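Peer 1: task: produce atomic coordinates for the following.
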Amino acid sequence: LPMVWDFAEVNPFAEAAGDITVSLAGISKVLDNLMTGSGGFATQSDSGAQTLSMDKIVSTDPPYYDNIGYADLSDFFYVWLRPSLRPVFPDLFAMLSVPKAEELVATPHRHGNKEKADAFFLDGMTKAMRHLCEQTHKVFPVTIYYAFKQSESEGETGTLGQRLAHVVNGKVF
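Peer 2: Here you go, the predicted model:
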């Protein structure tokens, strides 16, 4: 499914999806049934070295090659969130800006050229997928959503999508 960058146009008084009262009723039901006492957490870690997924069920939507500069985009919000949330999450907001060097996207301006950016992305994604397969619960498959829209040309190792799809059970075929 492609991302939509426009706002949906709905009638806020239609007594249907998008209606103010329908939306508030739905939110109210969620809040009434929401589990209390369970806390959430956030962490920053290297996808190829993390241990958070050990014996867990994993469903992930990895970075999309070079479609979005997530770290650059995050800086916009980070500078506003940092002053208020740094006392609450000191480890997450310890840096002045979002880390970019380790970001798993193919950005030629960070890696020198397109070929080096491609290699960085493929090596990093292969390492991350292999690590996920080694760590996650052995009974359940890892679910990966990857919507790669750019045109692909087949090289001697196949298309990018084919190369990523062949990272199965911690092995690259």
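Peer 1: need phi/psi at the closest residue in space to A119 that isn't next to it in sequence.
Peer 2: Excluding the flanking residues, the one nearest A119 by CB to CB, 6 or more residues apart in numbering is H111, at 8.0 Å. (C-beta placed from N, C-alpha, C; glycine too.) H111 adopts backbone torsions of phi -110, psi 0, taken as degrees, to the nearest 10.
Peer 1: could you point out the longest helix in the protein?
Peer 2: Taking DSSP state H as the criterion, the chain has its longest helix at helix 114-135.
Peer 1: for it, which positions count as buried?
Peer 2: 117-118, 120-122, 124-133, 135 (16 or more other CB atoms under 10 Å).
Peer 1: quick one on the thing from earlier: count the residues that sit near the residue nearest to A119.
Peer 2: H111 has 17 neighbouring residues, counting by other CB atoms under 10 Å.
Peer 1: surely it meets A117?
Peer 2: Yes. Using CB atoms under 8 Å, H111 is in contact with A117, at 4.3 Å.
Peer 1: and the gap between the closest residue to H131 other than its chain neighbours and S74?
Peer 2: Using CB to CB, 6+ apart and skipping the chain neighbours, the partner closest in space to H131 is G48 (5.1 Å). To S74, G48 is 20 Å away according to CB to CB, to the nearest Å.
Peer 1: now tell me which helix or strand of the protein has the poorest mean pLDDT.
Peer 2: When the helices and strands of the chain are scored by mean pLDDT, DSSP states H and E, strand 171-172 comes last with a mean of 46.
Peer 1: in the chain, what residue spans correspond to helices?
Peer 2: Taking DSSP H to define them, one finds helices in the chain at 20-33, 70-85, 108-111, 114-135, 160-165.
Peer 1: what residues of the shortest one count as buried?
Peer 2: Of all the residues in helix 108-111, those buried under the rule 16+ other CB under 10 Å are H111.
Peer 1: please apply the same query to stretch 6-19.
Peer 2: Within stretch 6-19, no residue qualifies as buried by neighbour count (16+ other CB under 10 Å).
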